[in-house]
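S.K.: Here is my input, please return the structure:
(chains A, B, C and D)
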Number of protein chains: 2
Amino acid sequence: MKLFWRNGYQASSLSDLLDEMKIGRGSFYAAFGDKRHLYLECLNLFAERTSAIVQKIRDKHPPMDAIRYFLQHSLNHGEGSKAGFGCMAVNTVIELAGIDDELALAASSWLSKLQTLFEECLCEAGYSPARAAEYGAYLMLVNEGVRVASRRKLTRRQSLEAIDTALRLLKAAPR
Amino acid sequence: MKLFWRNGYQASSLSDLLDEMKIGRGSFYAAFGDKRHLYLECLNLFAERTSAIVQKIRDKHPPMDAIRYFLQHSLNHGEGSKAGFGCMAVNTVIELAGIDDELALAASSWLSKLQTLFEECLCEAGYSPARAAEYGAYLMLVNEGVRVASRRKLTRRQSLEAIDTALRLLKAAPR
DNA sequence: GCAATTCTGGACTGATCAGTCAATAATTAT
DNA sequence: ATAATTATTGACTGATCAGTCCAGAATTGC
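M.R.: The predicted structure follows:
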């Protein structure tokens, strides 16, 4: 999953995957079907893991803080070394839209689900359902932007400041 | 350029390019060097064309309107059929970061230049230099988000509304 | 402890890839 | 008109790709 996440679908050759997994070709095809099928599984795993992260953050923090922490998560260059990977769903949409629409759609659908999680946080924070829907879409835009930005060679500070601005503007808006 | 823009670098095979350009292999290599070199040229062409679009819009509209029109541009499914292509620079950063850092950096640099154009508009609209810098970064985040969103199968309406929200929040902020 | 079953690795296949090159066609110069 | 130059083509190369398959290793059931 990490390899696909970092390098994308096409740039991850089967040999690369085998090296990373330390298994032989036969085992791979016996266990996972084919490259594409594994990618789909990894995409689902990414979605599950990310959902779990959101849940964990929501359990510990008030909803608006949770949104901030989620947007900031995995921007640190230390933790698990996933900085610079971006979001696997965003990466998939960009790389595979028009190339493999089924995979791109799966990724896009997960993003829609994440957007509803944003909406839930907003509702919980006292926003009206209509406003929650509107600002949920806004936060998805911000999220997509953050994940693109995290693949560029920008300082962590720059990313954090942009998130800060986006959330400060949101806070100033009526609930 | 259109083929690279729509399909990305890796998914555009040389045969695809030759079919699109309607030339033979030898002519291609005589004229463009190699696939990678052509991609870089296309990236530069994309940057030039986009700069020209920004200039054109700025000439016709007050600065804040110009920003809105730029963010909305090529979201229409009629005009030149570039809807769903996203931004070639964003696509390049996502696809090629870690794969071909030189190309990814070229794309990222152009995005930085675009960000300064946003800043110029903001200054022109009466924002202080400090605020213009901050909101320029914010607008780049929004831009990146919009270009990701435009590769998903969302309705044009959804994209426009998210842009609307992002700009309304900005307008409400102090200059 | 032995046999049946499952798992594993790596040689192999055909397809496709980017890039080369020499023969040919088109153009330009004289 | 003819020679020199330039442009174009598509067959060719070696590399790499995803996916197959079978022999041998490990595991399981009895």
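
S.K.: Write out the residues of chain A neighbouring DNA strand D.
M.R.: Proximity of chain A to DNA strand D is confined to A:12-15, A:25-26, A:29, A:34-36 under the rule Cβ under 7 Å from any atom of the strand. No exception for glycine: its C-beta is placed from N, CA and C like everyone else's.

S.K.: Point out where chain A drops to low pLDDT.
M.R.: Counting by pLDDT under 70, chain A has low-confidence residues at A:78-80.

S.K.: Of all pairs in the residues of chain A next to DNA strand D, which one spans the longest distance?
M.R.: A:S12 and A:G26 (19.0 Å; Cβ to Cβ).

S.K.: what about those two, which has more around it?
M.R.: A direct count of neighbours by other Cβ atoms under 10 Å in any protein chain shown for A:S12 and A:G26 places A:S12 higher, at 21 against 8.

S.K.: Show the contacting residues for the more buried one.
M.R.: A:3-4, A:35 (Cβ atoms under 8 Å, 6 or more residues apart in numbering or on different chains).

S.K.: secondary structure class for it?
M.R.: coil (DSSP: H, G, I helix; E, B strand; the rest coil).

S.K.: residues in chain A within reach of DNA strand C, list them.
M.R.: Residues of chain A lying close to DNA strand C by Cβ under 7 Å from any atom of the strand are A:22-27, A:29-31.

S.K.: and of the residues you listed, the nearest to chain B?
M.R.: Set against chain B, the nearest of the residues of chain A next to DNA strand C by Cβ to the nearest Cβ is A:K22 (21.3 Å).

S.K.: Count the residues that sit near the closest one.
M.R.: 7.

S.K.: swap in A:A162?
M.R.: 26.

S.K.: Next, the angle from the strand or helix carrying it to helix B:156-172.
M.R.: Using DSSP states H and E, the element containing A:A162 is helix A:156-172. Calculated by axes from the mean of the first three to the mean of the last three Cα atoms, to 10 degrees, helix A:156-172 forms an angle of 90 degrees with helix B:156-172.

S.K.: Just the C-alphas of helix A:156-172, formatted as PDB.
M.R.: Written as PDB, here are the backbone C-alpha positions of helix A:156-172 (Å, rounded to 0.1, in the frame of the first residue of the first chain):
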ATOM      1  CA  ARG A 156       5.800  22.200   6.600                       C
ATOM      2  CA  ARG A 157       5.300  25.800   7.900                       C
ATOM      3  CA  GLN A 158       3.800  26.900   4.600                       C
ATOM      4  CA  SER A 159       1.200  24.000   4.600                       C
ATOM      5  CA  LEU A 160       0.300  24.700   8.200                       C
ATOM      6  CA  GLU A 161      -0.200  28.400   7.600                       C
ATOM      7  CA  ALA A 162      -2.500  27.800   4.600                       C
ATOM      8  CA  ILE A 163      -4.600  25.400   6.700                       C
ATOM      9  CA  ASP A 164      -4.700  28.000   9.400                       C
ATOM     10  CA  THR A 165      -6.000  30.600   7.000                       C
ATOM     11  CA  ALA A 166      -8.600  28.400   5.600                       C
ATOM     12  CA  LEU A 167      -9.900  27.400   9.000                       C
ATOM     13  CA  ARG A 168      -9.800  31.000  10.300                       C
ATOM     14  CA  LEU A 169     -11.900  32.200   7.400                       C
ATOM     15  CA  LEU A 170     -14.300  29.400   8.100                       C
ATOM     16  CA  LYS A 171     -14.600  30.200  11.800                       C
ATOM     17  CA  ALA A 172     -15.400  33.800  10.900                       C
END
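
S.K.: close to chain B, is the helix ranked longest in chain A?
M.R.: The longest helix of chain A (DSSP state H) is helix A:35-60. No: if you take Cβ under 8 Å from any Cβ of the partner chain as the test, helix A:35-60 misses chain B, and the best it gets is 13.9 Å.

S.K.: Figure out how far that helix is from the centre of its chain.
M.R.: Distance, stretch centre to chain centre, for helix A:35-60: 8 Å (Cα atoms, centre = their mean, to the nearest Å).

S.K.: Who are the packing partners of the helix holding A:A162?
M.R.: helix A:63-72, helix A:129-149, helix B:129-149, helix B:156-172 (3 or more Cβ pairs under 8 Å, 6 or more residues apart in numbering or on different chains; DSSP states H and E).
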